[in-house]
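> below: sequence and its predicted model.
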Amino acid sequence: MERIKGLNEYVKNEKYRKALNLPNEQEEEYTMLAQGEYNINYSFTHPKTGKKLLLRVNCGSQMHLENQIEYEYHALELLADSGRTPVPVFVDGSKKELPYGMMVMEFLEGSTLDYRKNLMEAAECLADIHSVPVKETDGLISPSNPLQAILDECNQMVQTYYESDLGEEKKKVQIRRLLELGQEKINEIRDYSGYRCSINTELNSGNFLMNGAGKDNYLVDWEKPLYGDPVQDLGHFLAPTTTFWKTDVILTEEEMADFTRKYIQAVNGRFDVSGIEERLNIFIPITCLRGITWCAMAWVEYQEPGRLIRNEETFKKMEDYLNRDFLDMIEERYYK
């Protein structure tokens, strides 16, 4: 915990300990669990209850929110009845005693999702999450044109790569071409009505905790939730830019179709699933652009001095996504 200035002191303060019903004298031990691009997570066991908890320190916001950690906490509150997400326990976004926002949530056990073994269980998990009733007034951000919002984000992120001397000119040209083709696809869509729910928007395999068949499979890491079309989640889950992130898997069209059929079956009439297949045909290609442009931006940022979080495995994967063969594969599969 030394790397987060003030965190050792924070977990000893009265507000934190009283909120979690911890003994006055610190007895719990905090262990580094994992770190993402914008968060560092620690696990600890409550000395009174014996229950394992997760402390999450937020170091930045992909959504450019001042209240990032409270926003994430609220999303978990909305989804508590799903049984598929961690139950939030405590949040402090004041940044007074600590320069970062933090929260504590239930610690869930499980293994990283295996695309070759867990596709059907993941479909059931997402169907349960998407079936939780959420209203437009419940406080989640809701883009009026979700596809355009994704593409606008792509164009914003990629500017870092365009403007950097580190970026290769030929790749800049190819990415710009893909974004223009993506805009053409979006321009053909006019109707954004239909069922809306809380969506995760970042469904890589590492955000799932799998425990075999049944209900004990979870989706964690609710950093960028929106009130939106559940197909946006499905498109992100299935897209090559997602499956390839933590693995070397790129799903076939048949595997994608099998997953979609299982998802529709698992929804079991809880909401209208008409048109899912058609909407996937646009959400998957646009999602691929988001993965590429995020990698382009982050690839440049990773080489800036003084970065708090740096993951070498992540940096290597960014380079894979910016490889000419990978860019050509995305263009051939979705933009020809």
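Good, I have the coordinates.
> list the contacts for the spatially most central residue of the chain?
For the chain, residue 202 is the residue whose C-alpha lies nearest the centre (CA atoms, centre = their mean; 2.6 Å). Going by CB atoms under 8 Å, 6 or more residues apart in numbering, residue 202 touches 221, 223-224, 236. C-beta here means a position set from N, CA and C on the backbone, and glycine is covered the same way.
> take these and lay them out in a markdown table including secondary structure.
Listed next are those as a markdown table, based on DSSP: H, G, I helix; E, B strand; the rest coil:
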| residue | secondary structure |
| --- | --- |
| 221 | coil |
| 223 | coil |
| 224 | coil |
| 236 | helix |
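> contacts for stretch 184-194, please.
Residues from elsewhere that reach stretch 184-194 (CB under 8 Å, 6+ apart): 144-148, 151, 229, 272, 275, 282, 285-286.
> could you list the low-pLDDT ranges of the stretch 1-150 of the chain?
Across the stretch 1-150 of the chain, nothing is flagged by pLDDT under 70.
> can you pull out the strands in it?
31-35, 39-45, 52-58, 88-92, 101-106 (DSSP state E, counting those that start in this stretch).
> what's the closest of those strands to residue 178?
With CB to CB as the measure, strand 39-45 is the member of those nearest residue 178 (29.3 Å).
> which helices and strands does the closest one pack with?
strand 31-35, strand 52-58 (3 or more CB pairs under 8 Å, 6 or more residues apart in numbering; DSSP states H and E).
> quick one, which of these is packed in tightest?
Comparing the helices and strands packed on strand 39-45 by mean neighbour count (mean count of other CB atoms under 10 Å), strand 52-58 comes out on top with a mean of 21.
> which outside residues touch that strand?
Residues outside strand 52-58 that contact it (CB under 8 Å, 6+ apart): 4, 7, 11, 20, 30, 33, 38-46, 68-69, 72, 86, 89, 98, 100-107.
> before we move on, back to that, possible to save the strands of the stretch 1-150 of the chain as JSON lines with distance to residue 140?
Converted to JSON lines, the strands of the stretch 1-150 of the chain look like this (distance: least, CB to CB, whole Å):
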{"stretch": "strand 31-35", "distance to residue 140": "25"}
{"stretch": "strand 39-45", "distance to residue 140": "19"}
{"stretch": "strand 52-58", "distance to residue 140": "17"}
{"stretch": "strand 88-92", "distance to residue 140": "15"}
{"stretch": "strand 101-106", "distance to residue 140": "17"}
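> those: which one's closest to residue 179?
Going by CB to CB, the one of the strands of the stretch 1-150 of the chain nearest residue 179 is strand 39-45, 28.2 Å.
> strands of the stretch 151-300 of the chain, start to end?
Under DSSP E, counting those that start in this stretch, the stretch 151-300 of the chain gives strands at 197-199, 208-209, 218-219, 226-228.
> partner strands of the first one, with direction?
Translated: strand 197-199. Using DSSP bridges, the strands paired with strand 197-199 are strand 226-228 (antiparallel).
> got the contact list for the partner strand?
134, 136, 138, 140-143, 146, 196-199, 201, 232.
> change it to 10 Å
Here strand 226-228 makes contact (CB atoms under 10 Å, 6 or more residues apart in numbering) with 63, 75, 78, 134-143, 146, 149, 192, 195-201, 232-233.
> off-centre distance for it?
13 Å (CA atoms, centre = their mean, to the nearest Å).
> picking that back up, out of the strands of the stretch 1-150 of the chain, flag the one nearest residue 326.
Using CB to CB, the strands of the stretch 1-150 of the chain put strand 31-35 closest to residue 326, at 25.1 Å.
> which strands and helices sit next to that closest one?
Judged by 3 or more CB pairs under 10 Å, 6 or more residues apart in numbering; DSSP states H and E, the packing partners of strand 31-35 are strand 39-45, strand 52-58.
> for residue 303, find the nearest of those.
Taking the helices and strands packed on strand 31-35 one by one with CB to CB, strand 39-45 is closest: 20.8 Å.
> orientation of that closest one relative to strand 101-106 in degrees?
Here strand 39-45 runs at an angle of 40 degrees relative to strand 101-106 (axes from the mean of the first three to the mean of the last three CA atoms, to 10 degrees).
> so how many other residues sit close to the residue lying closest to residue 69 once chain neighbours are set aside?
Excluding its sequence neighbours, the residue lying closest to residue 69 (CB to CB, 6 or more residues apart in numbering) is residue 101, at 3.2 Å. Neighbour count of residue 101, defined by other CB atoms under 10 Å: 26.
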